[in-house]
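S.K.: Kindly return the folded structure for what I paste below:
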Amino acid sequence: MMDVLVLMSCFNGEAYLVEQIESILAQQGVSVRLLVRDDGSTDATAEILQDYQDKGFLEWYQGDNLKSAQSFMDLLQTASGAHYYAFADQDDVWYPHKLQAAVTCLSGCNDQPTLYFSHKRVVDRELKPLGIEDEAVNGLELGTSLLKCRVSGCTMVFNDALLRQLQTYRPYRISMHDSWVLKVASAIGTVVEDKGLFMDYRQHERNVVGSRKSAFDVFKIRVRSLFSRSKDSIRTSMAQQLMEGYGSKMSAYDQQYCQAFAEIRSSFKARLRLVFSSYLKPHNRKETLAIKVLVLLGWM
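M.R.: Numbering: from 1, shown residues only. Reported below is the predicted structural model:
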């Protein structure tokens with residue numbers, strides 16, 4: 001039976017933490033271990049975790065408040081000793097065969113760094129479906145993941161070969177941990193999509209990152225994003241870090257264009273190279289022209 005180490009970051013998660021832990025411990029067809037990092041909670045999260053640890057069901061440690069992305073990156077550096085690894089949020093509910101489905105898909109990957117992800121059912125705080133479809137993922141190439149991550153970390157499972165690569169370089173500036181892991185896997189390994197639904201993704205007022213947005217909310221976000229692009233360099237920064245950590249392991253094609261992406265803000269020549277190539281592939285093809293305009297302006 002394959003061993004899966006589940007990595008969970010918590011922050012003031014007492015409301016739903018027990019339900020999530022129980023759903024992880026109830027996974028079938030795999031041997032599960034749970035490692036939790038508490039990101040400086042001030043509620044009863046620590047007491048809940050200690051009780052589970054005392055019973056031998058998990059291991060946990062507490063650290064400074066790093067926020068979600070860097071808290072998960074700290075867990076990645078701490079993790080070891082398993083065949084596979086998975087991320088978990090503190091407030092979802094996993095179906096019993098979530099990890100088994102992932103391990104089955106990953107079983108033939110051998111020593112190739114491989115990332116698996118599935119889809120999720122979006123629910124409210126009472127686990128009632130919200131009727132919101134999971135975001136479509138229309139491309140797993142690096143030229144797509146550099147633009148946007150539509151893969152949720154809570155659905156990710158990856159093998160030890162990818163973990164070892166992730167541990168060789170710790171990024172200093174990222175948007176979220178799942179976005180970074182997807183980029184690394186796209187750059188030097190393989191990404192596998194499972195369209196099955198294996199968990200309830202709970203939306204509530206305390207979510208750090210969520211999916212529950214009205215059409216008007218989406219419109220406001222897009223307008224705000226457009227006007228903030230000129231100052232938001234997170235995408236090019238992450239591309240530069242990819243080159244620093246993994247450039248020598250990329251294909252020549254990805255090396256060339258990832259470096260050009262990293263230089264968007266400083267080199268008009270790099271911008272032209274990307275605009276006149278087909279390297280950048282948005283999830284929505286209708287966005288291709290808009291992306292090329294943003295690249296030409298250097299707003300990436």
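
S.K.: drop to CA atoms for contacts and neighbour counts, all remaining ones
M.R.: Will do.

S.K.: Show me the helices in this protein, by range?
M.R.: With helices called from DSSP state H, the chain shows them at 17-25, 45-54, 67-78, 98-106, 142-145, 160-166, 177-188, 215-228, 234-246, 252-262, 268-275, 288-297.

S.K.: quick one: the third one to chain centroid distance?
M.R.: Counting by Cα atoms, centre = their mean, to the nearest Å, helix 67-78 is centred 11 Å from the centre of its parent chain.

S.K.: how big is the angle separating that helix from helix 177-188?
M.R.: If you take axes from the mean of the first three to the mean of the last three Cα atoms, to 10 degrees, helix 67-78 sits at 50 degrees to helix 177-188.

S.K.: what's helix 67-78 in contact with?
M.R.: 7-9, 35-37, 39, 65, 163, 166-167, 170, 174-177, 208 (Cα atoms under 8 Å, 6 or more residues apart in numbering).

S.K.: Which of these are buried, as a PyMOL select command?
M.R.: A single PyMOL command selects the buried members of the contacts of helix 67-78 (16 or more other Cα atoms under 10 Å):
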select buried, resi 7+8+9+35+36+37+39+163+166+174+176+177
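
S.K.: Which of the contacts of helix 67-78 fall within strands?
M.R.: Under the assignment DSSP state E, the contacts of helix 67-78 contribute 7-9, 35-37 to strands.

S.K.: Tell me the one of those residues nearest S107?
M.R.: L7 (20.0 Å; Cα to Cα).

S.K.: For that closest one, give me its contacts.
M.R.: Contacts for L7 (Cα under 8 Å, 6+ apart) come out as 34-37, 72, 75-76, 79, 85-88.

S.K.: Most widely separated two among the residues you listed?
M.R.: Greatest spacing in the contacts of L7, by Cα to Cα: R37 and Y85 (14.8 Å).

S.K.: Nearest to G153 among the helices of the chain would be which one?
M.R.: Closest among the helices of the chain, using Cα to Cα: helix 177-188, at 4.7 Å.

S.K.: Can you get me the centre-to-centre distance for the closest one and its chain?
M.R.: Centre-to-centre, helix 177-188 and its host chain are 8 Å apart (Cα atoms, centre = their mean).

S.K.: any idea of the angle that helix forms with helix 234-246?
M.R.: With the same axes, to 10 degrees defining the directions, helix 177-188 sits at 50 degrees from helix 234-246.

S.K.: Could you give the number of residues near E287?
M.R.: As a burial measure, E287 scores 12 neighbours (other Cα atoms under 10 Å).

S.K.: who are the neighbours in contact with it?
M.R.: E287 neighbours (Cα under 8 Å, 6+ apart): none.

S.K.: pLDDT value on it, please?
M.R.: pLDDT, E287: 89.

S.K.: So L242 sits against S186, correct?
M.R.: No: here L242 does not reach S186: they are 10.7 Å apart, not a contact under Cα atoms under 8 Å.

S.K.: Which residues are in contact with the residue nearest the centre of the chain?
M.R.: Geometric centre of the chain, nearest residue: D178, 1.5 Å, by Cα atoms, centre = their mean. D178 makes contact with 149, 151-153, 156 under the criterion Cα under 8 Å, 6+ apart.

S.K.: Having no further points to raise, I will conclude here.
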